[in-house]
Every structure is written in C-alpha cells, then in structure tokens.
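Engineer: For reference, the sequence and a predicted model appear below.
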Amino acid sequence: MSKLFVFAIGGTGSRVLRSAAMLMAAGLKMNASQVIPIIIDPDSGNNDLSRTVNALNSYKYINESISKDGKNNGFFSTPVEDVFSKYDFRMDFKGVDGRLFKQYIDYPALDKKNKAFADLLFSDHHLDLNMDVGFKGNPNLGSIVLNQFGDNDDFKKFALNFTQGDRILIISSIHGGTGAAGFPLLLKNLLNASDELPNQQLIKNSIKGAITVLPYFRLQAGKINSSDFTSKTKAALEYYYENVNPGLNSLYYIGYKDHTKSYENNPGGVNQKNPAHFVELAAALSLFDFMEQKDAAIKARGNRFMEFGADISDERITFDELDDSVKRYVRKPLTKFAFFSKYLDLQIDKSISRQPWGMRGKAKSKLGKEFLDTDFFKSITAFNDHFKTWLKEFSENSPAFIPFNLEANNENLTYMINNRPIAKKPFKKDNFTLFDDHLNASDRQDNISKKPANLKFTNLFHNATDRLVTKNFKI
Amino acid sequence: MNEFFASLYELFINFFGHDLGMHLNGYQDGAFGEPHYIWFGLVLMLGTVLMVVLFYYIINHPRFNMWKHWLLMLGATVIIQYIIAYQWVLDHLNTGKICDDLIVNKSDIASFSFVHAFWAFVIFVFVSFVIRWWSKNSSCTPYPL
C-alpha cells in the first residue's frame, strides 16, 4: 500500500481533515499505508486548525500506542504521520507571522512607479491586512504570499518522504482566501516540481486528486463578504477548467447551495471556529474513495470528476437520506464509534473494575480502574471529546446531520440510532447491560484478553460494538 | 456411590448421631436394606451443581455477577438444601420409615441437615471455581482470576 499525502488548505481544508480523522478513528478502512496530513494555513491561531491538529495528535498517539502492540484492524487503525515532526502538521511560510501584507511585499521600499502599480492591484484595506489571520477571503493576496513552495523547507521535507506509488490529495475551498489561492499554486508546484526538489519526478508523475469545496455556508455581515462567494466560485471554476482540471487524476466537487444558517463572521484567529458541517464529512469520504481507485482506472488526467448527492428534503439528514453505497460505508463504523463514545462517557468507570472484560488478564493485559489514569486512556477521552463536539455541531448546522440521539443514556441507549430501533433485544439485557454483555463475550471469545492493554482495550470495544450493531441492530 | 456419599456425611456422624447414620445406611429391622445416603447425596450434588450452573451459565448476567450476587446464590443453595434434607428426614420420621430400634429426634435431623447444607456450601464453592472460567459474564466472580 502507498502513502497518501493530504494537503489541507485553509479553514475548510482543516475542517475536512478533522472529519477524515473522525472517520478513520471510527475504523473506516483507508487503502493507504499511512496518511500524511500537511496543513497549509498561515493563520496558525485559527481554531478550525487547532481543533484539527489536536484531534490529529490524539489520533496519532492512540494509533501508535496500539500499533506497537500488534495488528489493529479496528478503531484508529490507519497510521497518521507528521513529516514535519512539529506536532502541528503545518507547513511554515516565511514572512507571514505578525506582518501586514504591505510589509510582506516591501511596499514602503517600492519606488513611486511600483507603488502606483501596487495601489492599482491592492486597496489600502488589502495592504493593511495582518496576515496572522490569513487572507480574509482575498485569494489575490493568498496567491502572492503562498507562492513560496519552491524554497520552502517543509515542502522539501514532504518531497523527501515521497516514494514510488504515493498519492497526493489537495483539499481546499473555492470561495475563500487561503484555499482558493493555495490550491492552484500548490498544484502548479507539484506538476512542475523543480529539479532541486527531492523525488521531483516521482512527485510530478504521481496520482493527484483534489477536493474542491464549493460554498456551503454563509457568514453574518462583517469583514468577509459571503455574498460574493458564488461569483468567486464561478470565476474560479472557469479558471480551474482551463488550468487545474487537466492536471488532476480525480477531482471531487462538493457544496450545499441551500444553506440557511449564517456563521459568525470571524476572519481568523482563535475566533474562527466554524461548526462541523455535513459537507465536510462528505468531502472527507473522498479521501477514502480516492485511495480505493486502482492506478489504471485514474491514470489519465483530467478525466474523473465526482460529485456527492444526498436526498435532503427537510434540512435533516440521518443515515436514511444517504445513498445506499454511502450508507453501507459509513453507517456501521460511525454507529460503532458512537456507541463506544457513549460508553466512555457514561459507563466505563462503573464497569471497568466490575466486569470480566476489565478484570481478566495479568500484568500487561490487565485493564482495571488504573487503566483510566493512563496517558493512553486520557488520549482516548480527549479524542472522544472531539468526536462528541463534531457530532453535536453537525446536529445544529444546516442541513443538520443527526444520525444519533445524542442525549441517549442508560435508559434509552438502545434507541440511540435515529430511525433504527433495536431489532433484537435479549431478555432482560438492554442499554449498557447489553453492551457489557457483548464486551464480556468479546473478551471471552475473540482471543484478545491476553493482548497488551491498549490494543486489548480498543479491540474489545471494536469487536463488542460490532456484535452489538450486527446482532441487535441488524446493521 | 452410596459409600462415597456415606463417607462424606459420616465424617460428621458424631454431630448428627449414629442412629440416624444407621437409618441412612438402610438399617431396618436388624438388617441393612436399601441405603438412603445415595439419594441425599444425589440431591445434594445435582441440586448444588444446578444452582452453580444457573448462576454462571443460565443467569450469566452482567448486572448479576458480583460477589454479593454469588453469595446470594450460595446462601439460597445452602438454605434450600438444608430445608430439603430436614423435610425429607422428618418425613421418614413422621411416616415411620425409621426403624423403632433407632432413636432419632428432630435435633439429630437438624444436625444432619446442617451437615448436608455444609456439603452444599463446599460443593457450591468448589464447582464455582471449576466452571467459572468459561462463563461469559461471571468468570471473575466471586473474585478476579
């Protein structure tokens, strides 16, 4: 299997990556030996980015802790790598931090003629823009600042890690600043990789895909004007048609034009924290689809264009509104992880020292109450917090993606899946009792009770939720 | 089989008396006929094993698998076995099945029933530790492996 390098550009790129992390955690199988996220966002403080980075770091720690103990085919099974080893997966850009755009282009030092030319291209507002918060929806600025891949050290690190057969996927929005500017630039630098770049031939010839996210939300009145998202999109699409599409082996388009909810208008920094949206989840599925395609099938460039559709009639999406192929793909893993999440929240401290699954085993394979104090478990709960927030944000967005009753508890856990009540309820066993029954069965029958604790823990829950979902919900 | 059970009960024969012991060995009118120990022993064994199996494999429930639940089952087994033994021997006494040569009173019957219940206790504990390994929800009851 080859590696997948995922360039996530701007806020949308980070948010799609966040959804991809959730799907991988839930056990969706990625046909890649490693996923290597590379975030391109000069706005290092924005919350979309930091939430994604935190989730990815927790994911990476969990995956590595499990993988060193043996084969893991369940939750957190796809390895994630950080080629920059900085714990932020982020590509650094020179001359951006704390500077105004006019400082970046050295505007004060320009002679009269060049200043006049710059004034022609950029308004005072543009020139005075602090790039600490990105490009505030101005791709014309982004395309200048981001045009430094050629001598970027982090870009060279990426190239150094690139091997035969690896693939590249670029995620960006088409209507914003960073994504819209960064995507064509990045692609150009990949397709025309300079001779000094390590593995430049491999990179040039590699299979490349992209996810272009069209407008799917609007913003309240403020510094970024979302009313021109559509016109920006049209212009960009026209440009892509000529200059971008021919260079890609696969291009995924996704958007949502009937959005009714306006986000707060935060151009960047810690306040930029857009809630998770179903479009980001659907976009994240493209990563999996892209890696499923055989080389021969997508070898020709400019040939494969994909869209995503769902049957949305009332601003509310459950699994039933998804196409069967998508439903088959995501329903089971997400449901399993949602049950796992509920158990972590409401039951684990009651059961881990009382049920055989938590008490059996010796030394390295024993869980028990002490397991709840390990760094591994703390990372699991940290990731679970991301997962819960992610689901909650979906449910409050437009359209709302509400596959689960997020308020489900020990009284009604077996009715947690919306539109899918329990199909087979054993006598006197329901809710967490039924869950514990499956955990004990997994510990007993799946030959995992002697595995090291971290691997045992995730395998136990993966197998138990599989039994629960398969046997009792017939999913 | 009778000898096996007799040897178990008669470890404590001084406790419930030799006359009751002779009756249970089948003494009747100067000779030994059909012994009774075997039936008490079978009821003891089967009844107790049934209760253990009930706990570990039939109830086998994640919310009924703590040491206190096991203790409850053990207590119920001991009490049930005591009552069965007491009523059974009392029935022998009341219906004249005990030879007139033998002096057996209710205190002897209570003592024998106590011995019977004691063995029920021992068997319950022993069988619990033997069969719990394969129980899905109670393999760590009454305490972890």
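Structural biologist: Right, received. Where do you want to start?
Engineer: Need the contact partners of the host helix or strand of A:Lys456.
Structural biologist: Per DSSP states H and E, A:Lys456 falls inside helix A:453-467. If you take Cβ atoms under 8 Å, 6 or more residues apart in numbering or on different chains as the criterion, helix A:453-467 is touched by A:27, A:62, A:65-66, A:69-70, A:72-76, A:335-337, A:339-340, A:343, A:357, A:361, A:364-367, A:371, A:374, A:376-377, A:380, A:435, A:438-439, A:441-443, A:446, A:448-451. (C-beta placed from N, C-alpha, C; glycine too.)
Engineer: Buried ones among the residues you listed?
Structural biologist: A:27, A:62, A:65-66, A:69, A:72, A:74-76, A:335-337, A:339-340, A:343, A:357, A:361, A:365-367, A:371, A:377, A:380, A:435, A:438-439, A:441-443, A:446, A:448-449, A:451 (16 or more other Cβ atoms under 10 Å in any protein chain shown).
Engineer: Inside helices: which ones of the residues you listed?
Structural biologist: Using DSSP state H, A:62, A:65-66, A:335-337, A:339-340, A:343, A:357, A:377, A:380, A:435, A:438-439, A:441-443 are the members of these that sit in helices.
Engineer: Let me know whether A:Met131 touches A:Tyr104 as I believe.
Structural biologist: Yes: taking Cβ atoms under 8 Å as the definition, A:Met131 is a contact partner of A:Tyr104 at 6.5 Å.
Engineer: model confidence over the host helix or strand of A:Val35, on average?
Structural biologist: Here A:Val35 sits within strand A:34-40, counting by DSSP H and E. With pLDDT averaged residue by residue, strand A:34-40 scores 96.
Engineer: and it, what other elements does it pack with?
Structural biologist: strand A:3-9, helix A:10-25, helix A:47-67, helix A:153-160, helix A:178-191 (3 or more Cβ pairs under 8 Å, 6 or more residues apart in numbering or on different chains; DSSP states H and E).
Engineer: which one of those has the lowest average pLDDT?
Structural biologist: helix A:178-191 (a mean of 89).
Engineer: Just the buried positions in that one, please.
Structural biologist: Neighbour counts over helix A:178-191 (16+ other Cβ under 10 Å) mark A:178-187, A:189-191 as buried.
Engineer: need the helices for chain B, in chain order.
Structural biologist: B:2-9, B:13-16, B:18-24, B:37-53, B:67-94, B:106-131.
Engineer: what's the fourth one in contact with?
Structural biologist: Taking Cβ under 8 Å, 6+ apart as the criterion, the residues outside helix B:37-53 that touch it are B:1-2, B:4-6, B:8-9, B:24-25, B:73, B:76-77, B:80-81, B:84-85, B:88, B:116, B:119-120, B:123-124, B:127-128, B:131.
Engineer: rerun that using 7 Å as the cut-off
Structural biologist: B:1-2, B:5-6, B:9, B:24-25, B:73, B:77, B:80-81, B:84-85, B:116, B:119-120, B:123-124, B:127-128, B:131 (Cβ atoms under 7 Å, 6 or more residues apart in numbering or on different chains).
Engineer: And for A:Val326, nearest residue in space, chain neighbours not counted?
Structural biologist: Of all residues beyond its chain neighbours, the one nearest A:Val326 is A:Leu285 (6.9 Å), with distances taken as Cβ to Cβ, 6 or more residues apart in numbering or on different chains.
Engineer: How about the contacts made by the closest residue in space to A:Asp92 that isn't next to it in sequence?
Structural biologist: Taking Cβ to Cβ, 6+ apart as the measure, A:Asp92 lies nearest to A:Asp154, with 5.5 Å between them; neighbours along the chain are not counted. Applying Cβ under 7 Å, 6+ apart to A:Asp154 gives the contacts A:84, A:91-92.
Engineer: With B:Phe126 instead?
Structural biologist: Going by Cβ under 7 Å, 6+ apart, the list of residues near B:Phe126 is empty.
Engineer: And the pLDDT at it?
Structural biologist: 97.
Engineer: And it, how far from A:Leu287?
Structural biologist: 58 Å (Cβ to Cβ, to the nearest Å).
Engineer: Give me the below-cutoff pLDDT ranges for chain A.
Structural biologist: Scanning chain A for pLDDT under 70 picks out the ranges A:133-134, A:136-137, A:219-227, A:260, A:263-272.
Engineer: Run a quick neighbour tally on whichever residue of it sits closest to chain B.
Structural biologist: Per Cβ to the nearest Cβ, A:Asp436 is where chain A lies closest to chain B, at 3.8 Å. A total of 26 residues lie near A:Asp436 under the criterion other Cβ atoms under 10 Å in any protein chain shown.
Engineer: Would you agree it is in contact with B:Pro62?
Structural biologist: Yes: with contact defined as Cβ atoms under 7 Å, A:Asp436 reaches B:Pro62; the gap is 3.8 Å.
Engineer: which residues do these two both contact?
Structural biologist: Between them, A:Asp436 and B:Pro62 share the contacting residues A:Gln355, judged by Cβ under 7 Å, 6+ apart.
Engineer: Quick check: phi and psi at the residue nearest to A:Val96 when sequence neighbours are not counted.
Structural biologist: Closest residue in space to A:Val96, ignoring its immediate chain neighbours: A:Pro42 at 4.3 Å, by Cβ to Cβ, 6+ apart. The phi and psi torsions at A:Pro42 (degrees, to the nearest 10) take the values phi -60, psi -20.
Engineer: which bits of chain B sit near chain A?
Structural biologist: Applying Cβ under 7 Å from any Cβ of the partner chain, one finds that chain B approaches chain A through B:61-63, B:66, B:136-137, B:139-140, B:144-145.
Engineer: repeat that with 8 Å
Structural biologist: By Cβ under 8 Å from any Cβ of the partner chain, the residues of chain B that approach chain A are B:61-63, B:65-66, B:134, B:136-140, B:144-145.
Engineer: List only buried entries from those.
Structural biologist: Buried among the residues of chain B next to chain A by 16+ other Cβ under 10 Å: B:61-63, B:65, B:136-140.
Engineer: hang on, the earlier thing: pick the most buried one from the helices and strands packed on strand A:34-40.
Structural biologist: helix A:10-25 (a mean of 28; mean count of other Cβ atoms under 10 Å in any protein chain shown).
Engineer: and the residues of chain B next to chain A, which of them are in strands?
Structural biologist: Using DSSP state E to define strands, no part of the residues of chain B next to chain A is located there.
Engineer: Format those residues as CSV; extra columns: pLDDT.
Structural biologist: Putting the residues of chain B next to chain A into CSV (pLDDT from 0 to 100) gives the following:
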residue, pLDDT
B:His61, 96
B:Pro62, 96
B:Arg63, 95
B:Asn65, 95
B:Met66, 95
B:Trp134, 92
B:Lys136, 94
B:Asn137, 95
B:Ser138, 96
B:Ser139, 93
B:Cys140, 93
B:Pro144, 83
B:Leu145, 68
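Engineer: Okay, now stretch A:398-412: how far is its last residue from its first?
Structural biologist: One end of stretch A:398-412 sits 26 Å from the other (Cα to Cα, to the nearest Å).
Engineer: which residues touch that stretch?
Structural biologist: A:217, A:256, A:258-261, A:278, A:281, A:312, A:315-319, A:331, A:334-335, A:338, A:342, A:346-347, A:388, A:391-392, A:394-395, A:415-418, A:431-432.
Engineer: gap between whatever residue of chain B ends up closest to chain A and A:Arg316?
Structural biologist: Scanning chain B for proximity to chain A using Cβ to the nearest Cβ identifies B:Pro62 as nearest, at 3.8 Å. Distance of B:Pro62 to A:Arg316, given as Cβ to Cβ: 35 Å.
Engineer: ranges for the strands of the stretch 51-200 of chain A?
Structural biologist: A:167-173 (DSSP state E, counting those that start in this stretch).
Engineer: who are the neighbours in contact with A:Asn199?
Structural biologist: A:Asn199 neighbours (Cβ under 8 Å, 6+ apart): A:159-160, A:162-163.
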